[in-house]
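Visitor: take this sequence and fold it.
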Amino acid sequence: ADDMTRKGINISSKLKPGQKGKLETFWDELAIWDGLNDNLKWSRLYGGALLVVLIEGQDMSSPLKLDRIKEGQFKGVISLDRWMVNPSYYDL
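Guide: Now for the predicted structure:
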């Protein structure tokens with residue numbers, strides 16, 4: 001997992017170089033790569049894992065609506081191994 005995430009990604013877009021740097025800094029500040037790395041490790045170690053996107057004010061029991069996310073609401077990601085997650089059959 002460390003080797004897979006060490007170099008990060010190359011961003012191919014029409015963003016200006018300064019904007020790309022801001023995006024990379026944002027990812028570092030919110031530890032996105034650390035979360036992805038943990039998720040890969042835990043997935044292999046525990047036989048499965050989820051990467052949860054943390055959005056301030058978002059009810060996790062409802063579908064994520066990208067168009068309703070405002071600036072500053074994205075708080076990062078958290079990795080949960082398969083034993084930390086319990087399905088709910090009451091909502092089916």
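
Visitor: which SSE is immediately downstream of the lowest-mean-pLDDT helix or strand in the chain?
Guide: In the chain, no helix or strand scores lower on mean pLDDT, DSSP states H and E than helix 2-5, which sits at a mean of 71. Sequence-wise, the next helix or strand beyond helix 2-5 is helix 17-29, with elements assigned using DSSP states H and E.

Visitor: what mean pLDDT would you report for that next one?
Guide: Helix 17-29 shows an average pLDDT of 83 in the prediction.

Visitor: and if you look at stretch 85-92?
Guide: Rounded to a whole number, the mean pLDDT of stretch 85-92 is 78.

Visitor: name the residues that touch that stretch?
Guide: With CB atoms under 8 Å, 6 or more residues apart in numbering as the test, stretch 85-92 has contacts from 50, 61. From N, CA and C alone the C-beta is placed, and that goes for glycine too.

Visitor: in it, what's buried?
Guide: Along stretch 85-92, no position meets the burial threshold by neighbour count (16 or more other CB atoms under 10 Å).

Visitor: could you confirm residue 52 falls within a helix?
Guide: No. Assigned with DSSP: H, G, I helix; E, B strand; the rest coil, residue 52 falls outside any helix and is strand.

Visitor: surely residue 76 is in a strand?
Guide: Yes. Following the definition three-state DSSP, residue 76 is counted among the residues of a strand.

Visitor: give me the distance between it and residue 33.
Guide: When CB to CB, to the nearest Å is the yardstick, residue 76 and residue 33 sit 11 Å from each other.

Visitor: try residue 84
Guide: Spatial separation of residue 84 from residue 33 under the definition CB to CB is 21 Å.
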